[in-house]
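Peer 1: here are the coordinates; sequence isn't available:
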């Protein structure tokens with residue numbers, strides 16, 4: 001856990017960088033790369049004393065993150081132009097939303113997929129327009145298409161063949177079978193317009209909804225792989241927005257989306273790992289927090305994953321909380337069968 005613990009310390013208190021020796025930097029850099037936090041770390045420690053080799057690696061990470069941000073915003077603008085004739089709100093999510101909003105969560109953040117939230121009743125028109133514009137299915141076989149359309153919170157993943165850019169088009173932010181039930185219509189209604197006016201069509205979620213989404217994505221929609229980056233997103237969003245008046249707003253939005261437990265745990269762990277400032281009443285440890293912390297920090301001094309039993313338990317949990325047991329059993333059986341018998345398209 002040494003690399004992950006030190007990485008969290010450095011992100012929370014960059015001055016620690018000037019106390020590290022070469023061995024400590026090895027653990028920090030390999031862990032940061034594995035957790036997709038190398039660019040964020042590079043921005044946090046910029047200008048501090050460190051070995052020349054480390055400085056060169058972090059310089060390159062900053063440059064790569066800047067290019068990733070530029071590419072993500074370019075892709076978002078292209079998406080706006082493609083879907084503009086439909087006249088529907090297009091709400092950017094995750095990393096692209098942070099970049100478009102100018103959030104400190106975007107500093108050094110690598111951005112992969114373009115994630116987009118659209119109204120449920122516009123989904124068919126959005127799909128048809130994207131396919132006509134050259135986007136293709138990344139998963140085209142019949143079972144995957146049926147599974148996504150019946151059980152998931154998004155269309156099957158799309159990809160652009162010329163730019164190799166993945167696209168996820170959401171109609172809500174968690175699978176309909178998940179235990180939490182976020183209100184996608186409320187997210188869209190409260191979204192903040194970008195550019196000159198709402199007529200431009202691009203929006204980002206309000207600050208509280210960004211935090212709720214990050215917390216749900218972390219604790220209600222996966223096995224916590226890459227969880228440190230999601231938790232760091234929450235820390236940065238809170239640094240940007242957490243005035244005394246913000247906390248009641250965040251609680252109200254968490255309650256609306258059925259996310260109080262996830263948001264509460266995210267706040268407690270962000271405070272514990274990064275020293276995120278927040279009211280003391282929100283930082284008291286709760287049952288289970290130690291196990292989640294153990295999972296988030298499951299890397300050794302070379303950035304390699306450790307604690308296989310803990311990671312497997314969270315893998316099982318990630319499926320359990322996303323779908324009922326009969327559906328889960330059927331889905332896993334089909335996936336196992338398809339490994340043996342090639343799927344027919």
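Peer 2: On my side now, so go ahead. Remember, it's a predicted structure, so these values are computed and weren't measured experimentally. Residues are numbered from 1 along each chain as shown.
Peer 1: pLDDT below threshold where in the stretch 201-345 of the chain?
Peer 2: 323-345 (pLDDT under 70).
Peer 1: would you map the strands across it?
Peer 2: Along the stretch 201-345 of the chain, the segments classed as strands by DSSP state E, counting those that start in this stretch run 202-204.
Peer 1: for it, which segments count as helices?
Peer 2: Applying DSSP state H, counting those that start in this stretch to the stretch 201-345 of the chain gives helices spanning 207-219, 227-241, 246-256, 260-274, 289-296, 308-320, 325-340.
Peer 1: pull out the buried residues from the third one.
Peer 2: When you say that, I think you mean helix 246-256. The neighbour-count check on helix 246-256 (16 or more other C-beta atoms under 10 Å) flags 247, 250, 253, 254, 256 as buried. C-beta coordinates here come from the backbone N, C-alpha and C atoms, glycine included.
Peer 1: ok, now stretch 66-73?
Peer 2: So stretch 66-73, judged by 16+ other C-beta under 10 Å, has buried residues 68, 69, 71, 72, 73.
Peer 1: any idea of the pLDDT on the third one?
Peer 2: Translated: residue 71. For residue 71, the pLDDT comes out at 93.
Peer 1: could you say which helix or strand holds it?
Peer 2: helix 52-83 (DSSP states H and E).
Peer 1: check which residues of that helix are buried.
Peer 2: 54-55, 57-58, 61-62, 65, 68-69, 71-73, 75-76, 79-80, 82-83.
Peer 1: please compute how far that helix lies from its chain's middle.
Peer 2: Relative to its parent chain, helix 52-83 has a centroid offset of 16 Å by C-alpha atoms, centre = their mean, to the nearest Å.
Peer 1: tell me which helix or strand comes right after that helix.
Peer 2: strand 90-93.
Peer 1: so for that following strand, what's the average pLDDT?
Peer 2: 97.
Peer 1: other SSEs contacting that strand?
Peer 2: Packed against strand 90-93 by the contact rule (3 or more C-beta pairs under 8 Å, 6 or more residues apart in numbering; DSSP states H and E) you find helix 52-83, strand 114-117, strand 202-204.
Peer 1: could you rerun that using 6 Å?
Peer 2: Judged by 3 or more C-beta pairs under 6 Å, 6 or more residues apart in numbering; DSSP states H and E, strand 90-93 is in contact with strand 114-117, strand 202-204.
Peer 1: can you list the strands that the last one pairs with?
Peer 2: Same thing as strand 202-204. In the sheet, strand 202-204 lines up against strand 90-93 (parallel), strand 192-193 (antiparallel) (DSSP bridges).
Peer 1: repeat that for the first one.
Peer 2: The strands that strand 114-117 pairs with in its sheet are strand 90-93 (antiparallel), strand 165-170 (parallel) (by DSSP bridges).
Peer 1: tabulate these (a markdown table), appending distance to residue 283.
Peer 2: As requested, the strands paired with strand 114-117 are exported to a markdown table (distance: least, C-beta to C-beta, whole Å):
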| stretch | distance to residue 283 |
| --- | --- |
| strand 90-93 | 28 |
| strand 165-170 | 31 |
